[in-house]
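Enquirer: attaching a predicted model along with its sequence, questions to come.
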Amino acid sequence: DTAVSQTPKYLVTQMGNDKSIKCEQNLGHDTMYWYKQDSKKFLKIMFSYNNKELIINETVPNRFSPKSPDKAHLNLHINSLELGDSAVYFCASSQALGAQPQHFGDGTRLSIL
Amino acid sequence: EDQVTQSPEALRLQEGESSSLNCSYTVSGLRGLFWYRQDPGKGPEFLFTLYSAGEEKEKERLKATLTKKESFLHITAPKPEDSATYLCAVQAANDYKLSFGAGTTVTVRA
């Protein structure tokens, strides 16, 4: 029974398109996150929601828009995709804010042609 | 800004050959230091949280320690299944985000 699940696992699309990545957690956690892992394997936080409220919004182009319909879901919509958006995007969740372990999904590999 | 530096970048070990990974950090007040393991094509898997200098935690062949400037992940008598990338991350006292290091890729040969 997958704790944090992301769909799709792979996404191949052309420059300029709009795409969405979905994330769901069944752990009953209050806090969810989006991370980007680039080709050098660096994981960088993009956004965090706590009880559906945006808590962390790092320096991310406004083409990226997170949406949290409820505590168990956090989706990521990306407009006007660019070559530099190619990366692996990870969703994670934690029980609450603070020094809580974060549980990650298996990632969505986004490739821009 | 928080900084996390991991060394070495890569580590090749023979099965049974113990070694240590280093995570040096700079943060204005530490809320927590985290160790994760990441296998190819998978998301990071949580291993340990350390909160204060002097703290140690163990899990099977792994032991994590913390000082005021760095953390070590000791791998004792590793097996091939310990092959993975090990990631270190810090959370500052005045923030909620995790700042990750670039990781150490460990390969254990049978």
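Expert: Perfect, thanks for sending it.

Enquirer: residue ranges for the strands of chain A, please.
Expert: Counting by DSSP state E, the segments of chain A that form strands are A:4-7, A:10-13, A:19-25, A:31-37, A:43-50, A:53-57, A:64-70, A:73-78, A:87-94, A:103-104, A:108-112.

Enquirer: buried set for stretch B:7-16?
Expert: Neighbour-count burial for stretch B:7-16 flags B:Leu11, B:Leu13 (criterion: 16 or more other Cβ atoms under 10 Å in any protein chain shown). For glycine as for every other residue, the C-beta is placed from the backbone atoms N, C-alpha and C.

Enquirer: ok, residues contacting that stretch?
Expert: B:19, B:21-22, B:24, B:75, B:77-80, B:102-110 (Cβ atoms under 8 Å, 6 or more residues apart in numbering or on different chains).

Enquirer: so what's the nearest residue to B:Ala92 once chain neighbours are set aside up against?
Expert: Leaving aside its chain neighbours, B:Ala92 sits nearest to B:Val27 (4.8 Å; criterion: Cβ to Cβ, 6 or more residues apart in numbering or on different chains). Contact analysis of B:Val27 by Cβ under 8 Å, 6+ apart lists B:Asp2, B:Gln3, B:Val90, B:Ala92, B:Ala93, B:Ser99.

Enquirer: residues contacting residue 86?
Expert: I'll assume chain A. A:Ser39, A:Leu110, A:Ser111, A:Ile112.

Enquirer: my question was about chain B, not that one.
Expert: Per Cβ under 8 Å, 6+ apart, neighbours of B:Tyr86: B:Gln6, B:Leu21, B:Trp35, B:Tyr36, B:Arg37, B:Gln38, B:Leu47, B:Leu73, B:Gly103, B:Thr104, B:Val106.

Enquirer: from these, which would you call buried?
Expert: Counted by 16+ other Cβ under 10 Å, these give B:Gln6, B:Leu21, B:Trp35, B:Tyr36, B:Arg37, B:Gln38, B:Leu47, B:Leu73, B:Gly103, B:Thr104, B:Val106 as buried.

Enquirer: can you narrow those down to the ones near chain A?
Expert: Counting by Cβ under 8 Å from any Cβ of the partner chain, B:Gly103 from the buried ones among the contacts of B:Tyr86 sit close to chain A.

Enquirer: partner strands of the stretch of helix or strand B:Phe34 belongs to, with direction?
Expert: Taking DSSP states H and E as the criterion, B:Phe34 maps to strand B:30-38. Under the criterion DSSP bridges, strand B:30-38 sits next to strand B:45-50 (antiparallel), strand B:84-92 (antiparallel) in its sheet.

Enquirer: before we move on, back to that, of the contacts of A:Ser86, closest to A:Ser80?
Expert: Nearest to A:Ser80 among the contacts of A:Ser86: A:Ile112, at 10.8 Å, using Cβ to Cβ.
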